[in-house]
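A.B. asks: return atomic coordinates for the entry below.
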Amino acid sequence: MNLIKANTDNLTTLWKIGGQLTGLYIEEPGYGMSISGNGEWPNKLWFTHPMERQSILDIQLKWKLDKLSLPVWGDALHRQELILKSCGFEEKHKQIAMSMDLSHAPAPKERVLIQKVSNKPLAEIWSQLFEQAFGYKISAVTVSQTMGSIGYYIGKNNGNPVGTAVLFIDQQGIAGIHSMGIIPSQRRKGFAEELLIQIMKIAKKKGATYATLQASDMGKGLYLKTDFRQDFVIKTFIKKKK
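C.D. replies: This is a model prediction of the structure:
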């Protein structure tokens, strides 16, 4: 299996659905763009063909990119970095794209239980927990508008919320695990690992064979501990503020 393609296909399909259901999705030769009608997600522009400097300049003339993130990856990552920096972009963050054969998933413990978001009040709770965990907002409206296509989950311990996760299983059967975070008051208690394992259990039950995700340098240790492997690097750029 081409794990780079599996990971990025899951990610870009998720962004596409986010734009289609909440705001605007644009597909042009060489790139796709999803813009939220509410909040800060997805707001992404990504390239479907090798990026050239002239294409960035043309896109900037056509669209306002101040609120969009531009993720890049692949064999030409360094070249893409240089192009973006020469066009006035700066690196926002780096992630490690990872994957796992779900047949190797650990058995779940029962300290953290999972509740799927299925209505507007739960969407509000998920949105608030996500903002606590990550420091930026995916609006409850966005969650409500997309929860029929994307699985949003709340992790709980003894009935108390501890964190959030998203599970998106695409048409290729790849289980993308996204937005997994623990709120500050519940960190350093082992809940992140248990939430992850519960999400993998749901993915296996739904027939997925592989899981993919994108981790920070700080967070990758959790995933390595649960047998995820490092596959490649994704760097995300934003337009420099003047």
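A.B. asks: three-state assignment of Gly148?
C.D. replies: Assigned by DSSP: H, G, I helix; E, B strand; the rest coil, the conformation of Gly148 is coil.
A.B. asks: so how far is Ser118 from it?
C.D. replies: Noted for Gly148: a distance of 10 Å to Ser118, by Cβ to Cβ, to the nearest Å. In short, each C-beta sits where N, CA and C put it, glycine included.
A.B. asks: could you pick out the longest helix of this structure?
C.D. replies: helix 3-22 (DSSP state H).
A.B. asks: residues making contact with that one?
C.D. replies: The contact list for helix 3-22 (Cβ atoms under 8 Å, 6 or more residues apart in numbering) reads 25-26, 32-38, 41-42, 44, 46, 71, 73-74, 97, 99, 141-142, 145-146, 149-150, 168, 170-172, 174, 176, 178, 210, 212, 214, 231-232.
A.B. asks: stretch 26-36 now?
C.D. replies: Contacts for stretch 26-36 (Cβ under 8 Å, 6+ apart): 12, 15-16, 18-20, 22-25, 42-49, 51, 55, 59, 63, 68, 139, 142.
A.B. asks: now Tyr210: how far from Lys204?
C.D. replies: According to Cβ to Cβ, Tyr210 stands 10 Å off from Lys204.
A.B. asks: now do the shared contacts for these two.
C.D. replies: Common contacts of Tyr210 and Lys204 (Cβ under 8 Å, 6+ apart): Leu102.
A.B. asks: who has more neighbours, these two?
C.D. replies: For Tyr210 versus Lys204, neighbours defined as other Cβ atoms under 10 Å are more numerous around Tyr210 (20 against 15).
A.B. asks: list the contacts of the more buried one.
C.D. replies: Applying Cβ under 8 Å, 6+ apart, the residues near Tyr210 are Met1, Leu3, Ala6, Ser99, Met100, Asp101, Leu102, Gly173, Ile174, Ala175.
A.B. asks: apply 10 Å and report the result again.
C.D. replies: The contact partners of Tyr210, taken as Cβ atoms under 10 Å, 6 or more residues apart in numbering, are 1, 3, 6-7, 10, 99-103, 172-176, 203.
A.B. asks: from these, which one has the minimum pLDDT?
C.D. replies: On pLDDT alone, Met1 ranks lowest of the contacts of Tyr210, at 84.
A.B. asks: name the SS class of the spatially most central residue of the chain, please.
C.D. replies: The C-alpha lying nearest the average C-alpha coordinate of the chain belongs to His178 (Cα atoms, centre = their mean; 4.2 Å). Following three-state DSSP, we place His178 in the strand state.
A.B. asks: still on that earlier bit, just the buried ones among the contacts of Tyr210, please.
C.D. replies: Leu3, Ala6, Asn7, Asn10, Ser99, Met100, Leu102, Ile174, Ala175, Gly176, Ala203 (16 or more other Cβ atoms under 10 Å).
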